[in-house]
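# Show me the folded form of this:
(one chain, ligands or ions: 1)
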Amino acid sequence: MSIAGSMLEAVRAESARHNAHVLAVGVKIGELSGVESESLRFCFEALVQDTDLAPLALEIERLPWRNRCRQCAQEFAVEEYRTECPQCGSAETEMASGRELEFAYMEIEET
Ligand SMILES: [Zn+2]
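Presented below is the predicted three-dimensional model:
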């Protein structure tokens, strides 16, 4: 709930800054961020409803967990917690993406 709340704070700030209505907001959520898209959407819609922010569309983009190999720099999707490099077999890999929780864009209605 607090995530949806702080997202709306940002939308409100943006809306005030441009003195315009925000039509849609896009967010990126990493697979490992611990955020469930459906519950985020539910909270978001519940908070937006009956406010001056409505109608406000939410688009969620899920980012998969990806690691990068320290040996050969190969980037790959991690499936079933297998973090070793599929190219060279090295176990020395580090997270490249998957923990994101960020705004991708906001669509603002010009006035
Ligand atoms: Zn490798």
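
# okay, CA-based contacts and neighbour counts for the rest of this
Fine.

# Sketch out the low-pLDDT regions of the chain for me.
By pLDDT under 70, the low-scoring segments of the chain are 1, 111.

# Quick one: the helices in it, in order.
Applying DSSP state H to the chain gives helices spanning 2-18, 37-48.

# for the shortest one, packing partners?
Contacting helix 37-48 under the criterion 3 or more Cα pairs under 8 Å, 6 or more residues apart in numbering; DSSP states H and E are the following elements: helix 2-18, strand 57-63.

# ok, A96 - how many residues close by?
15 (other Cα atoms under 10 Å).

# quick revisit: can you tell me which of the helices of the chain is nearest to the ion?
Taking Cα to the ion, helix 37-48 is the member of the helices of the chain nearest to the ion, at 31.5 Å.

# Now do the closest one: distance to the chain's middle.
Put simply, helix 37-48 sits 13 Å off its chain's centre (Cα atoms, centre = their mean, to the nearest Å).

# So which bits of it are buried?
S37, L40, R41, C43, F44, E45, L47, V48 (16 or more other Cα atoms under 10 Å).

# now C69, which residues is it bridged with?
T93 (DSSP bridges).

# circling back: from the buried residues of helix 37-48, which is closest to C88?
S37 (33.9 Å; Cα to Cα).

# what's near enough to touch that closest one?
I29, I60, R62 (Cα atoms under 8 Å, 6 or more residues apart in numbering).

# ditto for I3
Taking Cα under 8 Å, 6+ apart as the criterion, I3 is in contact with L40.

# hmm, try it at 10 Å
By Cα atoms under 10 Å, 6 or more residues apart in numbering, the contact list for I3 reads E9, V35, L40, C43, F44, L101.
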